[in-house]
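[1] Predicted structure and sequence below. I'll ask about it afterward.
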Amino acid sequence: MPAADQTDPVVRTPYGAVRGRYERGVAVFRGLPYAAPPFGPRRFRPPVEPEPWDGVRDAGCFGPTAPKPPYSDAFAQYLSDPFVPGDDCLNLNVWTPEPAPGARLPVVVWLHGGALTRGSSAVPVYDGHSFARDGVVLVSVNYRLGVEGYGLFPDVPANPGLRDQLAALRWVRESIAAFGGDPDRVTLAGQSAGAISAGALVAAPQARGLFRRAVLQSGPPEVSDRDKVRRMVRRMATRLRIPATAAAFAEVDRELLLRTQAEVGRRSSPVVGGPAFGIVVDGDLVPRDPFAALVEGDVAQDVDLMVGWTRDEYRLWLVPGGLLERVDRLGAVALAGAMARCHCGPEVPRGYRSLYPEARPAEIVGQMVTDHLLRLPLHRLADARPDHTYVYEFAWPSLLPDLGSCHALELGFVFDTGEAPESARLAGWGAPPDLADAMHGAWVRFATDGDPGWQHWDDSHPVHVFGDGEPHVAYGPRDPALAVWTADAAAREAAAEAVAEPDPVASGWAARRAEPQSVVRRLRLPGRVRRP
């Protein structure tokens, strides 16, 4: 631990020297640029290296956050999302116990969530002090969001936000040794959209060798339908009365662009779908669906994975704004909407009703959507890479009404930041510190040597459960619900084979639900429609 009067730590990066701060016994460097500001002629374009600087750059404060609309009032009561003004938003932060070459400590690179439209590395829940305290260098990254990061245009390369993350990983590879990190022991981790991004980078050929392990929290590898992302851009262009090109969008005032994006995306959610931004196959950084690439064993066989979910993911999607009660009132209509959202037949909700006879419609809808979006693909991913995958479930219920074990609740436990007011927005005051010790300790162990402390995936489907009481391994806790989807897929296939003269209306509906070359059919993963 540094002495009380020790001077601020100074580290030299490839672009210039930076001065951090000692805080509670660890060194912290904030707002370090890993790419040039993505505005002016660089707006909507792939990142480029930052300009070198002379002297020593101060790194005591968080750098600018990427342009983003604020959360609605309903979500803002639960989720913190600081805004830091400025153009130099492609920056990162480093927490390290030993800011000196030669320490060779494990490194975790954190990608925040927020549906690729919100969030930042400045969220207090993501404070990296506990990781550094326990011998791990923590790097948290800002990247472009929304239309600036994931709009699809004909005149610029796709996925600039994902390219930002790749640039940050390259910065870590080149620079982290100077901060005491080992560039050969990097773990890429993220939650929600950050996990989806991490999964895409695990499969990306250009990211090979930049990290050794990955943690996917509540987000599987996936890509969005290019037409769906184009529709989001076109709707914005219509409102702005401009062409749907990057050149035209680059001329729009930043605040107007954010307001328009928020208006167009207002009805989008994981439960009901709707227009949204997402990672797309681009033939370059994302040459194919990353889920298919990983499951079919084409790439990254040497990357260890830890994947998992929360027990009640859907409650963060439904509780704010009273959507939970509205879904309950809609009843059968809501179930029909969930069937359309999940591309399944009536056998699935009937199966869930038999498994959970006392559940309300909102619970049935929520668990169906959670399984479709998260648990089914993560199970399939673990099945394809059992010797290299560990699976967990977070099942501790929030102390706040109705939230249960909701999406993002585990973050304060992973980072051991439960005492922060921003963590209490989701967990309430009095979250168990022993659970934080257990969960944070598992992430530290995984980053250090690849073993979080329980058995890897196999035919018994071991899932490490972090809930009330002692963490423990449960075997196949989600298997009964996921088997409902398998039975539904088998029933659909059997019915299709029995029809000699397919009805034109029904066959047209089926064509809209799944394309002939879908990964779902090839991998026998029911309900996941993925388009190239």
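    Yes, it's here.

[2] use CA for all of it now, contacts and neighbours both
    Fine.

[3] Settle this for me: Pro33 is touching Asp87, isn't it.
    No - the criterion here is C-alpha atoms under 8 Å, and Pro33 misses it with Asp87 at 11.0 Å.

[4] More neighbours: those two, which one.
    Remark: of Pro33 and Asp87, Pro33 carries more neighbours, 24 against 16, as counted by other C-alpha atoms under 10 Å.

[5] List the residues that contact the closest residue to the more buried one other than its chain neighbours.
    Of all residues not flanking Pro33 in the chain, Asn91 sits nearest, at 4.2 Å (C-alpha to C-alpha, 6 or more residues apart in numbering). Listed by C-alpha atoms under 8 Å, 6 or more residues apart in numbering, the contact set of Asn91 reads Gly31, Leu32, Pro33, Tyr34, Ala35, Gly63, Pro64, Val141, Asn142, Tyr143.

[6] All the helices of the stretch 201-350 of the chain, residue numbers only.
    226-240, 246-249, 254-264, 290-295, 314-318, 323-330, 332-342, 347-355 (DSSP state H, counting those that start in this stretch).

[7] quick one: the helices in the stretch 401-532 of the chain?
    Under DSSP H, counting those that start in this stretch, the stretch 401-532 of the chain gives helices at 411-414, 421-427, 433-449, 479-498, 504-513, 519-523.

[8] if we can go back for a sec, in JSON lines: the helices of the stretch 201-350 of the chain, plus mean neighbour count.
    As requested, the helices of the stretch 201-350 of the chain are exported to JSON lines (neighbours: other C-alpha atoms under 10 Å):
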{"stretch": "helix 226-240", "mean neighbour count": "18"}
{"stretch": "helix 246-249", "mean neighbour count": "18"}
{"stretch": "helix 254-264", "mean neighbour count": "17"}
{"stretch": "helix 290-295", "mean neighbour count": "22"}
{"stretch": "helix 314-318", "mean neighbour count": "22"}
{"stretch": "helix 323-330", "mean neighbour count": "16"}
{"stretch": "helix 332-342", "mean neighbour count": "18"}
{"stretch": "helix 347-355", "mean neighbour count": "18"}
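
[9] how about those in JSON lines, adding mean pLDDT and distance to Ala198?
    Below are those laid out as JSON lines (pLDDT from 0 to 100; distance: least, C-alpha to C-alpha, whole Å):
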{"stretch": "helix 226-240", "mean pLDDT": "96", "distance to Ala198": "20"}
{"stretch": "helix 246-249", "mean pLDDT": "98", "distance to Ala198": "26"}
{"stretch": "helix 254-264", "mean pLDDT": "95", "distance to Ala198": "24"}
{"stretch": "helix 290-295", "mean pLDDT": "96", "distance to Ala198": "10"}
{"stretch": "helix 314-318", "mean pLDDT": "94", "distance to Ala198": "21"}
{"stretch": "helix 323-330", "mean pLDDT": "90", "distance to Ala198": "30"}
{"stretch": "helix 332-342", "mean pLDDT": "88", "distance to Ala198": "23"}
{"stretch": "helix 347-355", "mean pLDDT": "94", "distance to Ala198": "30"}
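
[10] Dump these into a markdown table; add distance to Pro101 as well.
    Shown next, in a markdown table, are the helices of the stretch 201-350 of the chain (distance: least, C-alpha to C-alpha, whole Å):
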| stretch | distance to Pro101 |
| --- | --- |
| helix 226-240 | 44 |
| helix 246-249 | 42 |
| helix 254-264 | 41 |
| helix 290-295 | 34 |
| helix 314-318 | 42 |
| helix 323-330 | 52 |
| helix 332-342 | 50 |
| helix 347-355 | 55 |
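
[11] which stretch among those helices comes nearest His379?
    helix 290-295 (10.5 Å; C-alpha to C-alpha).

[12] Convert the closest one to PDB, retaining C-alpha atoms only.
    Taking Å, rounded to 0.1, in the frame of the first residue of the first chain, the C-alpha atoms of helix 290-295 are listed here in PDB:
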ATOM      1  CA  PRO A 290     -20.900 -15.500 -33.900                       C
ATOM      2  CA  PHE A 291     -23.200 -17.900 -32.200                       C
ATOM      3  CA  ALA A 292     -23.100 -20.300 -35.100                       C
ATOM      4  CA  ALA A 293     -19.300 -19.900 -35.400                       C
ATOM      5  CA  LEU A 294     -18.800 -20.800 -31.700                       C
ATOM      6  CA  VAL A 295     -21.300 -23.600 -31.500                       C
END
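
[13] how far is it from where the chain is centred?
    16 Å (C-alpha atoms, centre = their mean, to the nearest Å).

[14] counting contacts, what elements does that helix pack onto?
    Contacts defined by 3 or more C-alpha pairs under 8 Å, 6 or more residues apart in numbering; DSSP states H and E place helix 290-295 against helix 193-203, helix 376-384.

[15] Other residues contacting it?
    Here helix 290-295 makes contact (C-alpha under 8 Å, 6+ apart) with 199-200, 202-204, 220-223, 299-300, 380-381, 384-385, 519.

[16] sorry, back to before: nearest to Val215, of the helices of the stretch 201-350 of the chain?
    helix 290-295 (14.4 Å).

[17] Give me the phi and psi for the residue nearest to Pro33.
    With angles defined as degrees, to the nearest 10, Asn91 sits at phi -140, psi 170.

[18] tell me the pLDDT at the closest residue to Pro101 other than its chain neighbours?
    Using C-alpha to C-alpha, 6+ apart and skipping residues adjacent in sequence, the residue nearest Pro101 is Ala178, 4.6 Å away. Here, the pLDDT recorded for Ala178 equals 97.

[19] who touches Ala178 in this structure?
    Counting by C-alpha under 8 Å, 6+ apart, Ala178 has contacts Val11, Arg12, Thr13, Pro99, Ala100, Pro101, Gly102.

[20] Buried ones among those residues?
    Val11, Thr13, Pro99, Ala100, Pro101 (16 or more other C-alpha atoms under 10 Å).

[21] Leaving aside the residues adjacent along the chain, what's closest to the fourth one?
    This points to Ala100. Closest to Ala100 by C-alpha to C-alpha, 6+ apart is Gly180, at 4.8 Å.

[22] And for Gln301, the neighbour number?
    Gln301, neighbours per other C-alpha under 10 Å, totals 14.

[23] so what pLDDT did it get?
    84.

[24] From Asn93, how far out is it?
    As judged by C-alpha to C-alpha, to the nearest Å, Gln301 and Asn93 stand 29 Å apart.

[25] And Arg230, by the same measure?
    Arg230 is 33 Å from Asn93, by C-alpha to C-alpha.

[26] for Arg21, same thing?
    12 Å.

[27] ok, back up a step: list just the nearest of the contacts of Ala178 to Leu210.
    Closest to Leu210, out of all of those and judged by C-alpha to C-alpha, is Thr13, at 17.6 Å.

[28] Verify the contact between that closest one and Val172 for me.
    No - under the criterion of C-alpha under 8 Å, Thr13 makes no contact with Val172, lying 10.1 Å away.

[29] Spit out the contact partners of Pro205.
    Leu285, Val299.

[30] Recalculate using a threshold of 10 Å.
    Asp284, Leu285, Val286, Pro287, Val299, Ala300 (C-alpha atoms under 10 Å, 6 or more residues apart in numbering).
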